[in-house]
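J.: Predicted model and sequence follow; I will ask about them next.
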Amino acid sequence: MNPTTLNGATLEKLISAAVAAPSFRGSRPWRYRLDPDTGTFQVRAVPAPGVPEPEAAARALHVSVGAAVFNLRVALAHFGWEPAVQLLPVPGDPDLLASVRPIGPRHVGDSPYRDLYDAIWRRHSCRTPYFAHCPTGAVVLELIDAAHAEGASLTLPRTEETLRLLRLTAEAEQRGETDVGRAAGSGGRVHEDSGAGAAASLDPGRRPLVAVLTTPDDSCADWLRAGQAMERVVLLATAHTVHATLLHEAMEWPDLRAAMRTTDYGPGLVQMLIRFGAAATGDCAPRVPVRGSVERG
């Protein structure tokens with residue numbers, strides 16, 4: 001197909017897709033900038049002046065931006081463009097997290113994202129227990145391949161290990177409820193993309209499928225790749241009518257995140273737990289729309 005012209009209406013749809021990606025804190029401290037000459041989108045962090053970010057906050061920001069970058073890739077492909085992505089393209093400019101450039105027309109039938117654009121708008125979080133294992137074996141293999149395509153690994157732990165991970169997540173939720181200072185610093189901590197309710201998942205009669213997303217290392221680039229892999233997995237699950245909820249709480253606590261490491265996942269670093277399953281429609285609230293804007297120049 002011929003690519004859609006990058007006019008104002010198309011730009012609004014592209015940015016709307018990007019900001020529909022999950023965010024794990026109360027704000028989205030990054031901005032989109034468009035170079036009108038090349039059509040390149042830049043995603044820049046906007047750090048708080050004079051306040052160094054703790055590693056957990058920096059990691060959450062990079063993972064969220066990675067998810068936004070993936071949505072932007074999907075949207076560009078939907079409108080007929082082949083997206084080219086560079087992560088941390090300027091070594092001397094660490095706030096420039098990614099650039100995405102449309103490099104030419106793409107045949108929609110050849111796009112690996114062809115079923116994912118609609119899923120961007122259908123994705124929503126369920127904080128209640130799931131009532132069944134939903135993904136089939138074939139879908140699970142697709143989800144594993146999707147993570148691998150983005151440079152990450154998706155592993156299904158054994159039952160005992162799943163329970164251990166859910167207990168760590170439940171402990172993180174309890175800490176978040178009692179640590180007022182940390183909660184205030186993250187805008188309340190529990191947002192629409194948080195996996196609140198992990199303790200309820202410990203009920204063996206309603207246990208969902210939990211997968212572990214890992215990356216080979218723990219650099220800023222790995223965090224960005226983890227975000228892209230996470231979003232690709234979640235959108236693919238959504239396209240298969242499988243609910244997916246991100247269990248991020250334990251990632252906020254260095255000791256709990258370290259405790260998640262095990263030989264079950266090889267040498268990889270845990271970046272996210274993803275809970276898959278089926279839930280009653282009324283249990284899943286639609287996401288609150290977030291408006292975004294793009295700067296030019």
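T.: Alright, I've got the coordinates. Numbering: from 1, shown residues only.
J.: From Gly277, how far off is the residue nearest to Glu252 when sequence neighbours are not counted?
T.: Spatial nearest neighbour of Glu252, chain neighbours left out: Ala56 (4.9 Å); criterion: Cβ to Cβ, 6 or more residues apart in numbering. For the C-beta atoms, the positions are set from N, CA and C on the backbone; glycine is no exception. According to Cβ to Cβ, to the nearest Å, Ala56 stands 27 Å off from Gly277.
J.: just Val270 next, same as before
T.: 20 Å.
J.: Run the chain-centre distance for stretch 61-71.
T.: Its chain's C-alpha centre and that of stretch 61-71 lie 6 Å apart, by Cα atoms, centre = their mean, to the nearest Å.
J.: re the thing from before, my guess is the residue nearest to Glu252 contacts Trp253, does it?
T.: Yes - counting by Cβ atoms under 8 Å, Ala56 touches Trp253, with 7.3 Å between them.
J.: re earlier: who's more crowded, Ala56 and Gly277?
T.: Gly277 (23 against 17; other Cβ atoms under 10 Å).
J.: Show me how the record splits this protein into domains.
T.: 8-120, 123-285 (automatic domain parsing).
J.: show me the contacts for Trp30.
T.: Trp30 sits next to Val43, Arg44, Ala45, Val46, Leu61, Ser64, Val65, Ala68, Leu97 when contact means Cβ atoms under 8 Å, 6 or more residues apart in numbering.
J.: With secondary structure and distance to Gly266 as added columns, please give these in a markdown table.
T.: Shown next, in a markdown table, are those (DSSP: H, G, I helix; E, B strand; the rest coil; distance: Cβ to Cβ, whole Å):
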| residue | secondary structure | distance to Gly266 |
| --- | --- | --- |
| Val43 | strand | 30 |
| Arg44 | strand | 34 |
| Ala45 | strand | 30 |
| Val46 | coil | 35 |
| Leu61 | helix | 26 |
| Ser64 | helix | 25 |
| Val65 | helix | 26 |
| Ala68 | helix | 28 |
| Leu97 | strand | 27 |
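J.: so what's the closest residue to Gly39 other than its chain neighbours up against?
T.: Spatial nearest neighbour of Gly39, excluding adjacent residues (Cβ to Cβ, 6+ apart): Pro102 at 5.2 Å. Pro102 is in contact with Pro3, Leu6, Gly39, Leu76, Trp81, Glu82, Pro83, Ala84, counting by Cβ under 8 Å, 6+ apart.
J.: what's the distance between the nearest residue to Gly151 once chain neighbours are set aside and Pro29?
T.: Using Cβ to Cβ, 6+ apart and skipping residues adjacent in sequence, the residue nearest Gly151 is Arg225, 4.4 Å away. Between Arg225 and Pro29 the computed distance is 20 Å (Cβ to Cβ).
J.: For these two, work out which one has more neighbours and name it.
T.: Arg225 (25 against 17).
J.: Tell me the spacing between that one and Thr155.
T.: From Arg225 to Thr155 the distance is 16 Å (Cβ to Cβ).
J.: In which helix or strand does Pro157 reside?
T.: Using DSSP states H and E, Pro157 is not contained in any helix or strand.
J.: I appreciate the help and will end here.
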